[in-house]
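Need the 3D shape of this:
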Amino acid sequence: MLFRSRRSLLLTLAPLASLAACAGSSTPIATGPAPMVSAAIPSPDPRVGLRAGWFDAQSVAWNLKVVSATKPSDPFVNLSTPGDRRLFNSDLAFTGKYVIQGNYSGYQVWDISNAANPKLHAAYVCPGSQSDVSVYKNLAFVSGEAVAGRLDCGLQGVPDTVSKERLRGIRIFDITNVSKPKYVANVQTCRGSHTHTVVEDPKDDANVYIYVSGSSAIRSPNELPGCSALSIADDPNTARFRIEVIQVPLAHPEQAHIVSSPRIFQDLTAPPRHAEPVDSAALAARAARQAAAGGGVGGAGATGGAPRQRGGPEQCHDITVYPAIGFAGGACGGYGLLLDIRNAANPIRVGAVADSNFSFWHSATFNNDGTKVLFSDEWGGGTAPRCRASDKMEWGANAIFTLSNNKMTFKSYYKMPAAQTSFENCVAHNGSLIPIPGRDVMVQAWYQGGISIFDWTDASHPFEIAFHDRGPMDATKLVSAGSWSAYWYNGVIVSSEIARGLDIFELVPSPHLTQNEIDAAKTVKQEFLNTQGQPKLAWPPSFALSRAYLDQLERSSGLAADKIATARAALASAEKLATAPRRAALTGLATQLNADSRGAADQAKVGMLVNSVRDLANAQK
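Below you'll find the predicted structure:
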């Protein structure tokens, strides 16, 4: 995620309330024109050349509706300094009707029960960077990494190099009363927590676990005993080459503690690297600097010495766990790792992939049946323009792999396809699956590249089906902003806009997505959601689900047109019947469709349809 600086990003703060817990009104932003709807991306691409602005930037949407756009609350916006990094919005977590939005200076809680008008429910000011958030039932967890973060959430920072007042690790809150969170504990770690992942162990209902990914410098052992930056050869207990696993007893979260420090990176060699893009201005500046220093322009060994040997990664940036399949995807510097998490307290590396087109492996997403995994590349760290027309489509993109027998096999790349300006930070970032039955569809944030929704059912041929984008913050220079994360939650897409606040979207029917598919997706409900703790999606029986499969079979010509028409008519007729005759009608339809499947072009999809109709029949009680 943004700004992996080893220095504090919060040395000073504009005056803020040390703690604000309040309900309040939201401030809407103009949501822009109605969405364009079509099969092909409009040409020329309307994302190119959008007018710049902070809260008045020009925006465009394709096959996607902007439901609301809400400015940050008062403690988290600096109207005098657009793009103030100390007030950047970061990641999202969801519980009930609330979305918790992290911010470098704390977090905000929004009531999104009315998606068209989100209401600020609480604002908790607690500087720490990045303040990535997650939830588990009545608990909230917040990452802290900045050296200015304090245990007491104070705004004065921590001026001393070594201090017992510093917080670098995980803060734990009791959010039983969301409007009045209670700070119950913290767990300090050697690198701090850039991101973290809550892990549920299906065999352990007394605890949850947190995988801590720290990317900052290792702190002094004088500040936190046991922190060592030595090599493994010099210190077998070094803080390098490991993650921290925190155990949180649900009955006593104040007793949370580090239970293991798995060395999942140990023995990895240096990954292959790609070259930077040719940028004449940058090359000229580099040549001038080297000439002034008495050197020439050259690569490794240009100074006369042997090329420096590079080791493998020492930390992960982000880990996505999928407990239902027993695996996690670790985006770890120069590698994408596959971890066995069946023993949640002791994850084990079972696979690793590298790619010379990838610079900084950032995050991972599995498809729902666990046969594929997608890794993103945050090339440039989120602060650079990596979607310019001159940038290769393979760089700062996603890499899609099939997954079988612990082996990841590369299939393709996907990158948001519209060229962005040199004043827009743009690269692959956080996203989630959208529960479209029978398909792998994902929404993803691209910072100032906006959000892109794409289908990767065919791992070798992903394609975009919807998008939203705004113009840059500034037409004359790069001011960081854009969508940090975009996630599906209970029928809507929620995006954390770094500088502009909170955006909420809805899918609209298009040639790529029918109303039945959207309605079926909306039947999937979560009590709470951390996208990095990926849940197994399950669709309750519904007429929309069966109709969605019929729509897909029609789109792909997977079943004869007359049989699709007959099935649609049978569903419409059954829906009008009383319970007992409806059950009988649906049972008969399932039997007929099962027979039809033998001559179908897409027998697997017809099988899904048959099962959905049977389940719907059995649900009639």
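
Phe505 falls within a strand, correct?
Yes. Remark: Phe505 belongs to a strand, assigned using DSSP: H, G, I helix; E, B strand; the rest coil.

Who are the contact partners of it?
Residues near Phe505 by C-beta atoms under 8 Å, 6 or more residues apart in numbering: Ala61, Leu64, Lys65, Val66, Val67, Ile451, His468, Val492, Ile493, Val494, Ser495. (Glycine included, C-beta is placed from N, CA and C.)

How about Glu506?
Contacts for Glu506 (C-beta under 8 Å, 6+ apart) come out as Leu64, Lys65, Val67, Ala115, Gly491, Val492, Ile493.

just Ala116 next, same as before
Ala116 touches Val67, Ser68, Ile504, counting by C-beta under 8 Å, 6+ apart.

Show the average pLDDT along the longest helix seen in the chain.
Criterion DSSP state H: the longest helix present in the chain is helix 579-596. Helix 579-596 shows a mean pLDDT of 98.

Could you do stretch 75-82 as well?
Stretch 75-82 carries an average pLDDT of 81.

buried set for it?
Pro75, Phe76, Val77, Asn78, Pro82 (16 or more other C-beta atoms under 10 Å).

how near is the last one to Thr31?
Okay, so that is Pro82. With distances taken as C-beta to C-beta, to the nearest Å, Pro82 is found 20 Å from Thr31.

got the contact list for the closest residue in space to Arg191 that isn't next to it in sequence?
Spatial nearest neighbour of Arg191, excluding adjacent residues (C-beta to C-beta, 6 or more residues apart in numbering): Gly214 at 2.7 Å. Contact analysis of Gly214 by C-beta under 8 Å, 6+ apart lists Glu145, Arg168, Thr189, Cys190, Arg191, Gly192, Ser193, His194, Ile243, Glu244, Gln315.

any idea where the strands of the stretch 451-600 of the chain begin and end?
Assigned by DSSP state E, counting those that start in this stretch, the strands in the stretch 451-600 of the chain fall at 451-455, 463-470, 483-489, 492-497, 501-507, 528-529.

hmm, who's touching the third one?
Residues from elsewhere that reach strand 483-489, judged by C-beta under 8 Å, 6+ apart: 1-2, 88-92, 94, 99, 429-435, 443-447, 450-451, 493-498, 503, 521, 526, 529, 531.

got the angle for it vs strand 463-470?
For strand 483-489 against strand 463-470, the angle by axes from the mean of the first three to the mean of the last three C-alpha atoms, to 10 degrees is 120 degrees.

Determine the number of other residues adjacent to the closest residue to Ala580 other than its chain neighbours.
Distances taken as C-beta to C-beta, 6+ apart place Gln620 nearest to Ala580, at 7.6 Å, with adjacent residues excluded. As a burial measure, Gln620 scores 18 neighbours (other C-beta atoms under 10 Å).

wait, Gln620 sits on Ala584?
No. Gln620 is beyond contact range of Ala584, at 9.0 Å (criterion: C-beta atoms under 8 Å).

Which strand residues bridge the residue nearest in space to the middle of the chain?
The chain has Asn430 as the residue nearest its centroid, 2.6 Å off, counting by C-alpha atoms, centre = their mean. Asn430 has these beta-bridge partners by DSSP bridges: Ser485.

That one: what's it in contact with?
Met1, Asp91, Ser363, Ser376, Gln444, Ala445, Trp484, Ser485, Ala486, Tyr487, Thr531.

Quick one, which of these are buried?
Those of the contacts of Asn430 that meet the buried threshold are Met1, Asp91, Ser363, Ser376, Gln444, Ala445, Trp484, Ser485, Ala486, Tyr487, Thr531, by 16+ other C-beta under 10 Å.

can these go into JSON lines with extra columns for pLDDT and distance to Lys407?
Conversion of the buried ones among the contacts of Asn430 to JSON lines gives the following (pLDDT from 0 to 100; distance: C-beta to C-beta, whole Å):
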{"residue": "Met1", "pLDDT": "44", "distance to Lys407": "29"}
{"residue": "Asp91", "pLDDT": "98", "distance to Lys407": "30"}
{"residue": "Ser363", "pLDDT": "95", "distance to Lys407": "21"}
{"residue": "Ser376", "pLDDT": "96", "distance to Lys407": "20"}
{"residue": "Gln444", "pLDDT": "98", "distance to Lys407": "25"}
{"residue": "Ala445", "pLDDT": "98", "distance to Lys407": "29"}
{"residue": "Trp484", "pLDDT": "97", "distance to Lys407": "32"}
{"residue": "Ser485", "pLDDT": "98", "distance to Lys407": "29"}
{"residue": "Ala486", "pLDDT": "98", "distance to Lys407": "30"}
{"residue": "Tyr487", "pLDDT": "98", "distance to Lys407": "29"}
{"residue": "Thr531", "pLDDT": "96", "distance to Lys407": "25"}
